[in-house]
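In: pasting a predicted model and its sequence here:
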Amino acid sequence: MPVLGTSGITLPTNIASGLWSKATTGSAVAQLSGQQPMQFGNVTYMTFTAPPRAEYVAEAAQKGTSGGTFGTKVATPHKAHVTMRFNEEVQWAEDDYQIGVLNTLADAGAVALARALDLGVFHGFNPLTGTAIASIVAGDRINTTTNRTEVTTAAAADTEFETAAGLLINNGYVPNGVAIDPKFAWTLSTARYSDGRKKFPELGLGTEISNFSGLNASVSSTVSGVPEATDTKLRAMLGDWTALRWGVQKQIPVETIRYGDPDGQGDLKRQNQIALRLEIVYGWAVMDLNAFSALNDLL
């Protein structure tokens, strides 16, 4: 039976499972903060705005209140899609060729969906337009943290990194990961002492950094927002990534669209095309923006 038929797409299991695997491994957010099971819709998390305190009580003495106040944070759904057009003749091709089409969709779509997660969580950007999304509030865009430091000279890159970590520690958090822009990864990997020795030879060229200064690390251009948006100058985001709660609220479906104009590019039948669409609904909430520290580049 053809993979692309009149009743829709029969997606081979190996492609379906590989699709989400690629989407997560291609995302800095997913590498640094594991997803959590999440129901569809607004999901409310309970938080401590002030923690309770234990009390020593003398024999026969009365017990006092332990304090502690509660708050809430709401993870809201955000839907992303990837829509790709093909000549309708692909439906009549051999199964192997049709599977190749689906592989192409899976590869390109997985990267796009992974970047959509990062761009939403870091900046609240719409990947297609590079502009801010009104429904992603400032409290759920971690680049709005007030913990910030700036690199003004390449020689100070590592010390400013330490400064960024110190901001978290002074707020009572322990940094456990860092998302790094490729430009900053290159700055770190090529940093040298006055005698020409590399400061961090273990970084190679900086393209595959997985650990830096004892922190889990992920390198992605989504940190700066390019090429989807104008460079934000954000070069690294350190954090206690347990403060980010995110998950997939709706599984990725694949839909064959044969009629209409699903993406504003003209009528499919008139242009002898079909469209394949992937959609995913992410949900996330940032428990405390003080759990993150931004490092900007002024070089």
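Out: All right, it came through fine.

In: so how far is stretch 220-229 from its chain's centroid?
Out: Put simply, stretch 220-229 sits 11 Å off its chain's centre (C-alpha atoms, centre = their mean, to the nearest Å).

In: what about that stretch, average pLDDT?
Out: The pLDDT scores in stretch 220-229 average 93.

In: tell me the helix or strand right after whichever strand or helix holds Thr83.
Out: Thr83 belongs to strand 69-87 when assigned by DSSP states H and E. Using DSSP H and E, the helix or strand that directly follows strand 69-87 along the chain is helix 95-123.

In: can you give me the strands for this protein?
Out: 4-5, 8-9, 43-50, 69-87, 148-151, 177-180, 211-212, 215-219, 234-239, 244-250, 254-257, 273-286, 292-297 (DSSP state E).

In: who's in contact with the residue nearest to Arg141 when sequence neighbours are not counted?
Out: Nearest residue to Arg141, sequence neighbours excluded (C-beta to C-beta, 6 or more residues apart in numbering): Gly124, at 4.1 Å. For every residue, glycine as well, the C-beta is placed using N, CA and C. Gly124 is in contact with Ala132, Ile133, Ile136, Val137, Ala138, Asp140, Arg141, counting by C-beta atoms under 8 Å, 6 or more residues apart in numbering.

In: same check on Leu268?
Out: Arg85, Glu88, Ile257, Arg258, Tyr259, Gly260, Asp261, Pro262, Ile274, Ala275.

In: would you list these in a markdown table and tack on pLDDT and neighbour count?
Out: Below are those laid out as a markdown table (pLDDT from 0 to 100; neighbours: other C-beta atoms under 10 Å):
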| residue | pLDDT | neighbour count |
| --- | --- | --- |
| Arg85 | 82 | 17 |
| Glu88 | 75 | 16 |
| Ile257 | 84 | 16 |
| Arg258 | 86 | 14 |
| Tyr259 | 87 | 10 |
| Gly260 | 90 | 10 |
| Asp261 | 84 | 14 |
| Pro262 | 87 | 15 |
| Ile274 | 81 | 20 |
| Ala275 | 83 | 20 |
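
In: what is the nearest of those residues to Ala243?
Out: Pro262 (37.5 Å; C-beta to C-beta).

In: for stretch 272-285, buried residues please.
Out: Buried residues in stretch 272-285, counted by 16 or more other C-beta atoms under 10 Å: 273-285.

In: please apply the same query to stretch 210-223.
Out: So, applying 16+ other C-beta under 10 Å, buried residues of stretch 210-223: Phe212, Leu215, Asn216, Ala217, Ser218, Val219, Ser220, Ser221, Thr222, Val223.

In: distance of the closest residue in space to Gly64 that isn't next to it in sequence from Gln62?
Out: Excluding its sequence neighbours, the residue lying closest to Gly64 (C-beta to C-beta, 6+ apart) is Glu55, at 5.8 Å. Here the criterion is C-beta to C-beta, to the nearest Å. By it, Glu55 lies 10 Å from Gln62.

In: now Ala110
Out: For Ala110, the distance to Gln62 - C-beta to C-beta - is 61 Å.

In: more crowded one of the two?
Out: When Ala110 and Gln62 are compared on other C-beta atoms under 10 Å, the one with more neighbours turns out to be Ala110, at 23 against 6.

In: Leu167 is nearest to which of the strands of the chain?
Out: strand 292-297 (4.6 Å).

In: just checking: what are the partner strands of the closest one?
Out: strand 148-151 (parallel), strand 234-239 (antiparallel) (DSSP bridges).

In: closest to Val74 out of those strands?
Out: strand 234-239 (20.0 Å).

In: what is the least confident helix or strand in this protein?
Out: strand 8-9 (a mean of 49; mean pLDDT, DSSP states H and E).

In: so which of the buried residues of stretch 272-285 is the closest to Leu244?
Out: Once C-beta to C-beta is applied, the member of the buried residues of stretch 272-285 that ends up nearest Leu244 is Trp284, at 6.6 Å.

In: deepest of the strands paired with strand 292-297, which one?
Out: Of all the strands paired with strand 292-297, strand 234-239 carries the top mean neighbour count, a mean of 27, counting by mean count of other C-beta atoms under 10 Å.
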